[in-house]
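**Q** I would like to see how this sequence folds:
(one chain, ligands or ions: 1)
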Amino acid sequence: MKKVLILGSTGSIGINTLNVIRSFPGEFEITALTINTKIDLLEPQIHEFNPKAVVVKDEKLGRELEKRVGGKCKVLVGEQGLVEAAKNLDYDIFVGAMVGFCGLAPALEAIKRGKIIALANKETLVVAGELVTNLCRKHNAKLLPIDSEHSAIFQCLEGEEKSKVEKIILTASGGPFLNKSKEALADVTVKEALNHPNWKMGDKITIDSASMMNKGLEIIEARWLFGIEKDRIDVLIHPQSIVHSMVQFVDGSIKAQLGLPDMKLPIQYALTYPERMKNNFKRISLPKIGNLTFLEPDFEKFECLKLAYNALDAGGTATCILNAANEIAVEKFLKGLIKFSNIPKLIYKALEKIENHKAPDVQAIFECDKETREFVLGLN
Ligand code: MG
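**A** Down below sits the predicted model:
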């Protein structure tokens, strides 16, 4: 049985990972589950999957859970608990399913132990892509994508030589505001932004999809995951979210991976890789879908997409600044403190203001993240 550690088990990816694991009895064993705050959701997971340990990032809630579950499993708390779990527990696969920068520190521990890293937490590669991929090579850790686009590319690349890749084509749904004018974007509400047409996800990534920053972060993720420079990574709007991404080869041939907008498939592929296992998930009906359409993204309207390309171009800690500024800007938007159209403006200001460190080490990345957060918190 493969032993699995899931970071973020009560979020959308974590829940789907447990759904996949539940559908393959006898294949996987849960070593540990970690969460931020949702102890009411974690409690039944503990009873069903019997992890050896759990981590609750919120210390008070962690103590509360400890009382409830008694001696059933070890309860660790705080950010330090996340790192300890990744560093000390016995597992084969690290599933990074939490949102944001906080995924980096535990992922680094798993990499240093040469584990399989099944990564949904794209921020890890956005903020420290070069460092993370170098460290993976050094410690023989294997990075496997869970992000649906990157899983699609990864599957298209199977059996191919990397030198024969002409470009990667990331598809994007375009989000809820695909057909809104740039002017109209200024007044969209939180509720409208959270209403994604195809995917059901957590709040942060749903807002990122609406601003298309999600695709921006995915360009950076693809850059490091597949070792391909940004000029050979294209974005195409594909409103149906059926073609999850494509790879174009030097002979002009394009391979695509298709599927329903359901994260269970990319999660399963990462968990069972290199095996492809039979499942009973819903199958796609192409006649029912009828049309698959594609169009160019509008970089003027979706400024976040342009900011992401620029940050990748600038290198160093620019992508860390981009990410930290975006995390704070999205939080502010969700709290009703800023307009939707101010998200790219805050990120732009942070990129202008915060100094870019070339070839940063881990400490420089953590400092840059902190400095950027403080700066953007003070903006409005
Ligand atoms: Mg994605």
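**Q** that's a helix at residue 312, yeah?
**A** Yes: Residue 312: assigned to a helix according to DSSP: H, G, I helix; E, B strand; the rest coil.
**Q** and it, how many neighbours?
**A** 22 (other Cβ atoms under 10 Å). Yep, even glycine has a C-beta here, placed from its N, CA and C like the rest.
**Q** and for the one 5 residues further on?
**A** For residue 317, the tally of surrounding residues (other Cβ under 10 Å) stands at 27.
**Q** and the residue of this structure nearest the ion?
**A** Using Cβ to the ion, the closest approach of the chain to the ion is made by residue 147 at 4.2 Å.
**Q** dump the residue contacts of that residue.
**A** 119-120, 122, 218, 221, 266 (Cβ atoms under 8 Å, 6 or more residues apart in numbering).
**Q** repeat for residue 119
**A** So residue 119 contacts 96, 107, 125, 143-147 (Cβ under 8 Å, 6+ apart).
**Q** got a pLDDT number for it?
**A** On the pLDDT scale, residue 119 is placed at 96.
**Q** in the beta-sheet assignment, what are the partners of it?
**A** With beta bridges defined as DSSP bridges, residue 119 has these partners: residue 96, residue 145.
**Q** just the buried ones among the contacts of residue 147, please.
**A** Buried by 16 or more other Cβ atoms under 10 Å: 119-120, 122, 218, 221, 266, out of those.
**Q** name the nearest of the contacts of residue 147 relative to residue 68.
**A** Within those, the smallest distance to residue 68 is 27.7 Å, found for residue 120 (Cβ to Cβ).
**Q** related to what we said a few turns ago, got CSV for the contacts of residue 119, with pLDDT too?
**A** CSV is the format used below for those (pLDDT from 0 to 100):
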residue, pLDDT
96, 97
107, 97
125, 96
143, 97
144, 98
145, 98
146, 97
147, 95
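**Q** what residues of stretch 347-366 count as buried?
**A** 347-351, 354, 356-357, 360, 364-366.
**Q** hmm, residue 155 is touching residue 258, no?
**A** No: Residue 155 is beyond contact range of residue 258, at 10.3 Å (criterion: Cβ atoms under 8 Å).
**Q** higher neighbour count, the two?
**A** Between residue 155 and residue 258, counting by other Cβ under 10 Å, residue 155 is the more crowded of the two (22 against 14).
**Q** ok, residues contacting whichever helix or strand that one is part of?
**A** Here residue 155, judged by DSSP states H and E, is contained in helix 148-157. The set of residues external to helix 148-157 that reach it, using Cβ under 8 Å, 6+ apart, is 144-145, 165, 168, 170-171, 218, 221-222, 225-226, 243-247, 255-257, 259, 261, 263, 265-266, 269-270.
**Q** related to what we said a few turns ago, tell me the two of the contacts of residue 119 that are most distant?
**A** Across the contacts of residue 119, the longest distance by Cβ to Cβ is 14.1 Å; it joins 107 and 147.
**Q** pLDDT weak spots in the stretch 101-250 of the chain?
**A** Filtered on pLDDT under 70, the stretch 101-250 of the chain yields no residues whatsoever.
**Q** any residues of it in contact with the ion? List them.
**A** Within the stretch 101-250 of the chain, the residues that sit near the ion (Cβ under 5 Å from the ion) are 147-149.
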